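>>> here is a sequence with its predicted model. Questions after.
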There are 2 protein chains.
Amino acid sequence: MDDDTDRTDVAAPEAEREEEDAYVLNRQAVARIIHAVDMDDRARLTEELEPLHPADIADLLEQSTAFDRQRIIALYGDEFDGDILSELEDGIREEVIGLLNPEVLADAVRELESDDVVDLVEDLEDHQQEAILEVLEDSDRVAVRQSLTYPEYSAGRLMQREVVMAPEHWNVGEAIDYLRNQDELPDQFYHIILVDPRLRPVGNVTLGKLMASRREVLLKSLVEEIFHTIPVTQDEGDVAYAFNQYHLISAPVVDENDRLIGVITIDDAMAVMDEEHEEDLMRLAGVGESGINDRVYETTKARFPWLAVNLVTAIFASLVIAQFEATIAQFVALAVLMPIVASMGGNAGTQSLTVSVRAIATKDLTGSNVWRVIWREVLVGLINGLVFALVMGVIGVLWFGGPQLGYVIAAAMVINLVVAGLAGTVIPVMLERVGVDPALASGAFVTTVTDVVGFFAFLGLAALVLL
Amino acid sequence: MDDDTDRTDVAAPEAEREEEDAYVLNRQAVARIIHAVDMDDRARLTEELEPLHPADIADLLEQSTAFDRQRIIALYGDEFDGDILSELEDGIREEVIGLLNPEVLADAVRELESDDVVDLVEDLEDHQQEAILEVLEDSDRVAVRQSLTYPEYSAGRLMQREVVMAPEHWNVGEAIDYLRNQDELPDQFYHIILVDPRLRPVGNVTLGKLMASRREVLLKSLVEEIFHTIPVTQDEGDVAYAFNQYHLISAPVVDENDRLIGVITIDDAMAVMDEEHEEDLMRLAGVGESGINDRVYETTKARFPWLAVNLVTAIFASLVIAQFEATIAQFVALAVLMPIVASMGGNAGTQSLTVSVRAIATKDLTGSNVWRVIWREVLVGLINGLVFALVMGVIGVLWFGGPQLGYVIAAAMVINLVVAGLAGTVIPVMLERVGVDPALASGAFVTTVTDVVGFFAFLGLAALVLL
């Protein structure tokens, strides 16, 4: 808790300035841009947009109304950059592609590297995908089509095909001469990948080490200690995990024969990690795949199923309550107090659940410590349960007179918080074992358990004790 | 929804193998390691641990019991690597530092780069911090102490001080000769930073471009299009945001006079992004700062305050219910149905809230679109509210006979889902405006609103209609 406070205080004095530094697209800038569009002032608009990174222009388009988006694109049109398309999120991207005139679109797409084109077209509708593939040069089109043959969300979709490699027996001088004689090198590369005669990668040499070493030094003697190859079919989430766990900067991608076919760099891995985090967060909250820029219809549709699941579980809990109608009719105080027990259980369950889901995602909760973690969660639930039982017991007595209602709510509280700790850990672990993403489904299960147990324990005990 | 299914299916056939690829510390490996420790077999333990990355050994220690941890360290002792300490999480790190004998600890720490030492010592207790600073060489100790003068969670703590720079007027030949004559270059560097005569960074040249260009080409003509400097006091979360938004690989850090004083690389930014995500997730769930490896006491303590807040809000909701005791006594069906309305509101509120908190974190929800987003959330709440009102209305009629209860629950459902959309967006936005992390506090506020409104609307309407 002290940490939190520190953290907030640190930034406070300069918060304003830092906000500006970290994010150029502030409210004033947006207002100036929209004003330029209102004035139909192309020169002014271009002047405003020119210093912006394509990612910022993409954000601008995402944050604008459909009407402003259309006007910005109509006015900015010819200057439209391929990288802006890459940075747009799916829904808006399709809309923008539809708005661009075909020649501007063709120019924009031809500027992009082949892996960016893959990223661009993979989520498009078929007719838009074809339209974009058509404008590519033949060699690029072949490369893009081949990448699209790899499974979605696999390393094959993420990698770039341009690699810089050298035979493992070369020395520094040979490598430098080779690099300096290349007509074209990839825009961004950080390592030379050493390969054996069968094109299997055996090590990475950083360009820094290459520059710093004498010409006769063997490349082999300069390889990085950490070397990690990625199978082309590996899930992109696991790729991002490996980059973060092993501090990789770039890693060679290999086919089923362990032959080098591409390279993934950390900036792509970082983008994947960001997406995976967003997905976990949204799944935990039952929001589905919808974002802040989706239309009302799409958002409503994405959220509906989770609310429907919740309705079913809530009705299930109500059926439990219905069993005790007679008791409630006699002691209305039960109706007043019962949501407290269910709510505390739901909260404690969500706490355990979130910690478990995160630990499963970071591979910190594994077969070797699962029982210990479950036991710990149960213990935490028990201790917090006892403390809150005491508090609620006292409140129950003071509020409703007799001690018996106090005993009942106290006991129900302990039971429900223990069950919450248990369910919050066991449910995500079991879902993971059977191959279901624990972030996706755990929430509904856990709150069903805590609602049902909470109402049943409280009302059941009340029926026993009070009647 | 379709996307989810695809995503799971893709990985399924190879899931087993990929798991192994992405994570070497599987259950079998852990079992073999513990067996070696049981046998007191140092050679075997070293053989098992040798191929592991320090990050994996750190994971092993984190997943072990305190007892096993002690035995592993006692047996592995002399081989203990400084990088393992860097990779450990805070609580376990302090424990391990206490377990290492002072000479092993000194050796381990001396191996580390100064920025890793900063990362290592900043969270330690004062006496442990001093013990580690003492064993450093004088120059390193000065560097570490200076880094510690920057605010916690600032760019100054994150940067490395070793930079590779060149005057802006140099050509490629001069830069290459300079690099090749350096005795020592940083382990990892990807750019040469061009500086003006006052040491202000003006551009980045990638090593790849340097290698590929003729000797007489001016460095100035090779600078990267995207160039972003980071103020030393900037919050590390904003640093990570800039790396992800602008696809930076490394970025110069400048002091208040815009002079170059260090460099941050993307691997550090990626680690920060991961921590920030974890923090958001944990704060949204009200888990505080505790992780899966904390002790029962710490975990209980970290979770207690959020449960206490929840208890207060739950009691507040109960007080609302208590106002309608007379109505409930007459129509016990109200007690059976009322949790459904509250639960649906809570869920819908959490959905809106999560989307808003994430959009604020990614700077996608800003002053320029906030009203539109609020309006959209209200509309989504209204539409889903109407659908579920219909469903619950029908259920209410079928379950309890008369149509009136159906009307009441239907109306309450619409009201609560609209309020949920409103509260789920307005509350995090307002908290952010007043400088409170919306992830931290929004949940409690939003569910209080949906509970209170849910119970009040349902019971209040019931009192009006049924009595």
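All right, it came through fine. Numbering: from 1, shown residues only, chains lettered A, B, ... in the order given.

>>> can you list the low-confidence ranges for the stretch 201-350 of chain A?
For the stretch 201-350 of chain A, residues meeting the criterion pLDDT under 70 lie at A:290.

>>> residue A:402: neighbour count?
11 (other C-beta atoms under 10 Å in any protein chain shown). C-betas here are computed from N, CA, C, even on glycine.

>>> and for residue A:181?
For residue A:181, the number of neighbouring residues by other C-beta under 10 Å comes to 8.

>>> next one: residue A:282
So residue A:282, with other C-beta under 10 Å, has 21 neighbours.

>>> distance check, it against residue B:370.
20 Å (C-beta to C-beta, to the nearest Å).

>>> pull the CA atoms of stretch A:173-188 into CSV?
Extracted C-alpha coordinates of stretch A:173-188, given in CSV (Å, rounded to 0.1, in the frame of the first residue of the first chain):
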residue,chain,number,x,y,z
GLY,A,173,36.3,-9.8,-41.4
GLU,A,174,34.3,-12.0,-43.7
ALA,A,175,31.0,-11.1,-42.0
ILE,A,176,31.8,-7.3,-42.2
ASP,A,177,32.8,-7.5,-45.8
TYR,A,178,29.6,-9.5,-46.6
LEU,A,179,27.4,-7.0,-44.9
ARG,A,180,29.1,-4.0,-46.5
ASN,A,181,28.6,-5.5,-49.9
GLN,A,182,24.9,-6.2,-49.6
ASP,A,183,22.7,-4.2,-51.8
GLU,A,184,19.8,-4.4,-49.4
LEU,A,185,19.7,-5.2,-45.7
PRO,A,186,16.5,-5.4,-43.6
ASP,A,187,15.5,-2.1,-42.0
GLN,A,188,15.9,-3.4,-38.5
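
>>> what is the mean pLDDT for that stretch?
The predicted model assigns stretch A:173-188 a mean pLDDT of 86.

>>> buried stuff in that stretch?
A:174-176, A:178-180, A:185-186, A:188 (16 or more other C-beta atoms under 10 Å in any protein chain shown).

>>> dump these to CSV, plus secondary structure and distance to chain B.
Formatted as CSV, the buried residues of stretch A:173-188 follow (DSSP: H, G, I helix; E, B strand; the rest coil; distance: C-beta to the nearest C-beta, whole Å):
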residue, secondary structure, distance to chain B
A:174, helix, 13
A:175, helix, 9
A:176, helix, 7
A:178, helix, 10
A:179, helix, 4
A:180, helix, 6
A:185, coil, 5
A:186, coil, 7
A:188, coil, 7
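
>>> name all residues that make contact with residue A:128.
A:94, A:97-98, A:121 (C-beta atoms under 8 Å, 6 or more residues apart in numbering or on different chains).

>>> which among those count as buried?
Among these, those buried by neighbour count (16+ other C-beta under 10 Å) are A:97, A:121.

>>> as TSV, the contacts of residue A:128 with secondary structure and pLDDT would be great.
TSV is the format used below for the contacts of residue A:128 (DSSP: H, G, I helix; E, B strand; the rest coil; pLDDT from 0 to 100):
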residue	secondary structure	pLDDT
A:94	helix	86
A:97	helix	88
A:98	helix	86
A:121	helix	86
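
>>> can you tell me which of the contacts of residue A:128 is nearest chain B?
residue A:94 (14.7 Å; C-beta to the nearest C-beta).

>>> pretty sure residue A:289 contacts residue A:281?
No: using C-beta atoms under 8 Å as the test, residue A:289 is too far from residue A:281 to be in contact (12.0 Å).

>>> ok, residue A:59 touching residue A:25?
Yes: contact criterion C-beta under 8 Å: residue A:59 and residue A:25 qualify, at 5.6 Å.

>>> settle it for me: which of the two has more neighbours?
residue A:59 (25 against 21).

>>> could you measure from residue A:189 over to residue B:74?
Residue A:189 is 44 Å from residue B:74, by C-beta to C-beta.

>>> ok, residue A:61 next?
60 Å.

>>> these two: which has the busier surroundings?
residue A:61 (23 against 14).

>>> is the more buried one in contact with residue A:69, as I believe?
Yes: using C-beta under 8 Å, residue A:61 is in contact with residue A:69, at 5.4 Å.

>>> what do those two both touch?
Shared contacts of residue A:61 and residue A:69 (C-beta under 8 Å, 6+ apart): A:92, A:96.

>>> nearest residue to residue A:451 in space, please, no chain neighbours.
Distances taken as C-beta to C-beta, 6 or more residues apart in numbering or on different chains put residue A:317 closest to residue A:451, at 3.9 Å, once the chain neighbours are dropped.

>>> contacting residues around the one you found?
A:342, A:448, A:451-452, A:455, B:339-340, B:343.

>>> quick one, domains of chain A?
A:23-149, A:165-265, A:296-466 (automatic domain parsing).

>>> ranking those domains by burial, who's on top?
Highest mean neighbour count of the domains of chain A: domain A:296-466, a mean of 22 (counted as mean count of other C-beta atoms under 10 Å in any protein chain shown).

>>> and that domain, how far apart are its ends?
End-to-end distance of domain A:296-466 (C-alpha to C-alpha, to the nearest Å): 50 Å.

>>> sorry, back to before: take the contacts of residue A:128 and write them to a markdown table, including distance to chain B.
Output for the contacts of residue A:128, formatted as a markdown table (distance: C-beta to the nearest C-beta, whole Å):
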| residue | distance to chain B |
| --- | --- |
| A:94 | 15 |
| A:97 | 19 |
| A:98 | 21 |
| A:121 | 16 |
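
>>> which pair of the contacts of residue A:128 spans the longest distance?
For the contacts of residue A:128, the farthest-apart pair by C-beta to C-beta is A:98 and A:121; their separation is 14.3 Å.

>>> make sure residue A:159 is actually in contact with residue A:261.
Yes: between residue A:159 and residue A:261 there is a contact at 7.5 Å, judged by C-beta under 8 Å.

>>> any common contacting residues for the two?
Going by C-beta under 8 Å, 6+ apart, residues that sit against residue A:159 and also against residue A:261 are A:232, A:253.

>>> A strand includes residue A:464, no?
No: going by DSSP: H, G, I helix; E, B strand; the rest coil, the assignment for residue A:464 is helix, not a strand.

>>> from residue B:212, how far out is residue A:181?
As judged by C-beta to C-beta, residue A:181 and residue B:212 stand 9 Å apart.

>>> I should have written residue A:165 there, sorry.
15 Å.

>>> same deal with residue A:434?
On the measure of C-beta to C-beta, residue A:434 and residue B:212 end up 51 Å apart.

>>> wait, what's in contact with residue A:102?
Residue A:102 neighbours (C-beta under 8 Å, 6+ apart): residue A:131.

>>> any idea how far residue A:274 is from it?
In terms of C-beta to C-beta, residue A:102 sits 32 Å off from residue A:274.

>>> which residues in the stretch 351-467 of chain A form helices?
A:370-400, A:403-433, A:438-466 (DSSP state H, counting those that start in this stretch).

>>> the stretch 151-300 of chain A too?
Going by DSSP H, counting those that start in this stretch, the stretch 151-300 of chain A shows helices at A:155-158, A:172-181, A:207-212, A:236-246, A:266-284, A:296-322.

>>> centre of the chain versus the second one, how much separation?
A distance of 40 Å separates the C-alpha centroid of helix A:172-181 from that of its chain, computed with C-alpha atoms, centre = their mean, to the nearest Å.

>>> verify the stated contact: residue A:424 with residue A:347.
No: in this structure, residue A:424 is not within contact of residue A:347 by C-beta under 8 Å, at 10.3 Å.

>>> pretty sure residue A:210 is touching residue A:224, no?
No: using C-beta under 8 Å as the test, residue A:210 is too far from residue A:224 to be in contact (11.7 Å).
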